[in-house]
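[1] Model the structure of this input:
(one chain, ligands or ions: 2)
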Amino acid sequence: MEVCAALPLVNDPHEVLRTVFGLRGFRGRQEEVIGHVMAGGDAIVLMPTGGGKSLCYQLPALCRAGLGIIVSPLIALMRNQVAAMRQLGVNAAALNSAIGAEERARIWDDLRAGRLDLLYVAPERLMMPEFLEALARRPVSLIAIDEAHCVSQWGHDFRREYLQLAELRAWFPGVPRIALTATADVQSREEIRQRLALDDARMFLASFDRPNIRYNITPKASPLRQLLAFLKNHEGESGIVYCLSRNAVEETAAALNSHGIRALPYHARLDAETRARNQDAFLADDGPVLVATIAFGMGIDKPDVRFVVHMDLPGSLEAYYQETGRAGRDGAPAETLLLYGMQDLMLRRKMITDGEAPDEVKRVELGKMEALLGVCETAGCRRQAILACFGETMAAPCGNCDSCITPAETWDATIPARKALSAMLRTGQNFGVGHLVDVLLGVETDKVTRFGHDQLPTFGVGKELDRKGWQSLFRQLAARGMVATDHDHYGALVMTEAGRPILRGAVEVHLRRDARVRTARRADRAFAAGGASALFEVLREVRARISREQKVPAYVIFHDATLAAIAEARPASLAALAEVPGIGRSKLERYGETILAALAQAPA
Ligand code: ADP
Ligand code: ZN
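    Residues are numbered from 1 along each chain as shown. Ligands and ions are numbered 1, 2, ... in the order given. As a prediction, the model looks like this:
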């Protein structure tokens, strides 16, 4: 293992941005955050995934004297960030259960000698008293708390260890603390402030829009076929497919493989070794599609994930947004698909209402799920609907979602809706969708005759819609809260107060006409169009070789965008190569000659 020194201290953030990170300018609110933290202030930073949060603590940690401590919940996240930092010539290390005794000893040596720039550490380790005592004796430049929403007990990533982090204020007086998250949830913001004792922290709230992501949301009809149709537009691209259950993960991965699409499963029941292997395969340059439960994803900072599919309804709008946010971190076009069905909806509601949480929490969770349903069922722009839930107003439709690309038709469903409600009431609000549709369509099943439902006035009055049509109608009524499920009653549908005016004929109901899978055409391949593309492939080869030699993912060496910029510029000297965005001093020293040699040999 090479011996590293700390970087020489440079106070000017612009210079460090250029020479260390190889970047030309700040993005969004980065500069403000960095200025505030460098001046010693605490900060809460809310930026969407891919917004550039890491720079907000990495850079001031390098500009201020002392060790930068970064609290991170996941080993995978630490590992990749440390690898990326070391590529930049920064002496970064991670202390966690995955490292051996020898490496641990070396990290401690570096730490005591003041040679370490950044230390990544899990919260439970950081908060061990001996460890805190050792660190508190040394100069500390800042403390960053990544994935800070893990303190939120209402959220989906709650980690008990995070609650202890409030004590850091007392241990490190005067050291700026910066909490970061991509969770847009308004509620978690104040929780982060309270639970991390960040009373005086300035809040930096960026727009949560991810304009390069195209949203597609469509009812679940034949999920595998819908998935395959979507993947046709994404051949050879990197992507994640989320399923609700472990079984569904295994089945979907197997089905994809049998259709010639390389796919690997990932879920909590796989042993740690298989999980790590599948994750590493996914992180590789030409990796497989990863089919996963939500156990996978937090801390995965692969920049070139081109698609994210949800085969089932996620638990909340926040969860959906965070999971889809893993696509397109590099800013290039990315696409998402969500398939949702009545079954999912019932299951999710049941998972919440049957859960252990207090009623108050259940109400919040149900609310968050309703918000997602609203987005699913809207006939308008998805992005406008999503951002509205996060308290952001978008003046015009986005032009980059399924609703904008193929506007949804709506239809006057007032009379069918009244028939549906009447079928529910006349059967005593004791039955689920399947049976209600049988009644409406006039199907004489055993159950129908057993209960005498063939004698009802509503029997067979619903011939204007087919089964799918009725299912869609019930789903949309449920999404609008006009119909609810009675979980104490085997999921029977019951009418809510909001349904009453329909029955009275006091309001009209306009519903979205369900279309078939309406995913947009293949997004143009992000990079390397035209003449530079042969050169881009040559550079990818070079990168693949280096990444194999160093056993780090390809994107840790260079991003696609950097390779594309090199191919475009065709620099003939180190000085010219240094001008390419993404090339800092360290990468120039390490790989400059290799790249120039590859360029010189490539055909003109
Ligand atoms: P987050 O942690 O917010 O999801 P990252 O810190 O991983 O985002 O940054 C996302 C991507 O944006 C990374 O590939 C990073 O290199 C790039 N990036 C961040 N800041 C800048 C910048 N100022 N200029 C160019 N690229 C940037
Ligand atoms: Zn739109």
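[2] is it true that residue 437 touches residue 470?
    Yes: between residue 437 and residue 470 a contact is recorded at 4.5 Å, counting by Cβ atoms under 8 Å. Yep, even glycine has a C-beta here, placed from its N, CA and C like the rest.
[3] Any chance you could list residues touching both of those two?
    Residues touching both residue 437 and residue 470 (Cβ atoms under 8 Å, 6 or more residues apart in numbering): residue 462.
[4] can you pull the contacts of residue 369?
    Taking Cβ under 8 Å, 6+ apart, one finds 315, 316, 317, 348, 349, 352 in contact with residue 369.
[5] 6 Å instead?
    Contacts for residue 369 (Cβ atoms under 6 Å, 6 or more residues apart in numbering) come out as 316, 348.
[6] That one should be in a helix, yeah?
    Yes: assessed with DSSP: H, G, I helix; E, B strand; the rest coil, residue 369 lies in a helix.
[7] Let me see the mean pLDDT of the helix or strand hosting residue 404.
    If you go by DSSP states H and E, residue 404 is part of helix 402-405. The average of the pLDDT scores along helix 402-405 is 92.
[8] Show me what that helix is packed up against.
    For helix 402-405, not one helix or strand is in contact under the criterion 3 or more Cβ pairs under 6 Å, 6 or more residues apart in numbering; DSSP states H and E.
[9] where does this protein dip in pLDDT?
    Within the chain, the segments meeting pLDDT under 70 span 1-4, 154-155, 184, 298-299, 479, 487-491, 514-532, 604.
[10] How about the residues of it by ligand 1?
    23, 26-27, 30, 47, 49-55, 301, 303, 329-330, 559 (Cβ under 6 Å from any ligand atom).
[11] mind listing the helices for the stretch 451-600 of the chain?
    All helices of the stretch 451-600 of the chain, identified by DSSP state H, counting those that start in this stretch, fall at 467-479, 500-504, 533-550, 554-557, 560-569, 574-578, 585-601.
[12] Please identify the most buried of those.
    Greatest average neighbour count among these goes to helix 554-557 (a mean of 24), per mean count of other Cβ atoms under 10 Å.
[13] next one: it to chain centre, how far?
    20 Å (Cα atoms, centre = their mean, to the nearest Å).
[14] Report all helices and strands that it contacts.
    Using 3+ Cβ pairs under 6 Å, 6+ apart: helix 554-557 touches helix 75-87, helix 533-550.
[15] Need the residues that contact the next helix-or-strand element following the first one.
    Read in the C-terminal direction, the helix or strand following helix 75-87 is strand 92-95, with elements assigned using DSSP H and E. Where contact means Cβ under 6 Å, 6+ apart, the residues beyond strand 92-95 that reach it are 78, 82, 85, 86, 107, 118, 119, 120, 121.
[16] Please report the distance of residue 365 from residue 325.
    20 Å (Cβ to Cβ, to the nearest Å).
[17] Among these two, which residue is more densely surrounded?
    residue 325 (24 against 21; other Cβ atoms under 10 Å).
[18] what's the span of stretch 229-241, first residue to last?
    Its first and final residues considered, stretch 229-241 spans 14 Å by Cα to Cα, to the nearest Å.
[19] so how far is that stretch off the chain centroid?
    That offset, for stretch 229-241, works out to 17 Å (Cα atoms, centre = their mean).
[20] in that stretch, what counts as buried?
    230, 231, 233, 234, 237, 238, 239, 240, 241 (16 or more other Cβ atoms under 10 Å).
[21] thinking again about what came up before, now the helices and strands packed on helix 554-557 as JSON lines including distance to residue 506?
    Compiled in JSON lines, the helices and strands packed on helix 554-557 are given as follows (distance: least, Cβ to Cβ, whole Å):
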{"stretch": "helix 75-87", "distance to residue 506": "54"}
{"stretch": "helix 533-550", "distance to residue 506": "61"}
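[22] want to throw those helices into JSON lines with distance to ligand 2?
    Output for the helices and strands packed on helix 554-557, formatted as JSON lines (distance: least, Cβ to the ion, whole Å):
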{"stretch": "helix 75-87", "distance to ligand 2": "31"}
{"stretch": "helix 533-550", "distance to ligand 2": "30"}
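[23] Any idea which of those gets closest to residue 297?
    helix 75-87 (10.0 Å; Cβ to Cβ).
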